[in-house]
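Asker: here is a sequence together with a model predicted from it:
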Amino acid sequence: MKKKNEWEKMRVSFDLDEVLFVDPATHKTEDRLPFPFCKIYKERLRKGTPELIHSLQSLGYEVWVYTSSFRSESYIRNLFRCYGVKFDGIVNAKRHLAEVQSKSSRILPQKVPSRYHISLHIDDESVICSYGKEFGFDAYQLDAEDDEWKEKVIARAEEVKHKKEIQSSLQNKAR
């Protein structure tokens, strides 16, 4: 039987547009995919994206995409597969509308990561990040070019994980 205080894998999610997909005119990017993939997948990944995702996964985190885009899950999976990245889960606008919004009588934000047990969501939109307290998730706002973005995301994930471990410990002591 699993103990209540055993640590489940923590989930970290990333928005796509302006977070993982960036404009090469304003951000450093991964190399363009070789032909013919560059004709299918025109988006450019922020420099260090594959390395960051692999680092998070090697540290024991599940890594998800949570986007308000209508790109299909297979399109997202296949694009990132070209960079050697495999996500643990993907929530696009279609899935969000079907599984989150349709079950609510009120209008919800474009993203509610806690509905998928996501503890930390990385986004460029301050409004999405501001919903964290109300909807039970931590957020990290990433918007500008930043050479240390990978380290900052990992540090934030570790902070959230530590906070969750403390909360879990306190809950177990209260029982």
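Answerer: Okay, I see it. Numbers count the residues shown, from 1 in each chain.

Asker: how about V63, what does it touch?
Answerer: 11-14, 53, 56-57, 87-88 (Cβ atoms under 8 Å, 6 or more residues apart in numbering). C-beta: built from backbone N, CA, C; applies to glycine.

Asker: just give me the longest helix of this structure.
Answerer: The longest helix of the chain (DSSP state H) is helix 149-174.

Asker: tell me which residues in that helix are buried?
Answerer: The neighbour-count check on helix 149-174 (16 or more other Cβ atoms under 10 Å) flags 149-150, 153-154, 156-157, 160-161, 164 as buried.

Asker: need the max-distance pair from those.
Answerer: Pairwise distances among the buried residues of helix 149-174 were taken by Cβ to Cβ; the largest, 22.4 Å, belongs to W149 and K164.

Asker: what's the worst-scoring helix or strand of the chain on mean pLDDT packed up against?
Answerer: Ranking every helix and strand in the chain by mean pLDDT, DSSP states H and E puts helix 149-174 at the bottom, with a mean of 89. Packing partners of helix 149-174 (3 or more Cβ pairs under 8 Å, 6 or more residues apart in numbering; DSSP states H and E): helix 49-58, strand 118-123, strand 138-141.

Asker: how about low-confidence regions in the chain?
Answerer: 1-8 (pLDDT under 70).

Asker: what's the neighbour count on the closest residue to V22 other than its chain neighbours?
Answerer: Spatial nearest neighbour of V22, excluding adjacent residues (Cβ to Cβ, 6 or more residues apart in numbering): R46 at 4.7 Å. By other Cβ atoms under 10 Å, the residues close to R46 number 23.

Asker: how about R46: which residues does it bridge to?
Answerer: R46 has these beta-bridge partners by DSSP bridges: T29.
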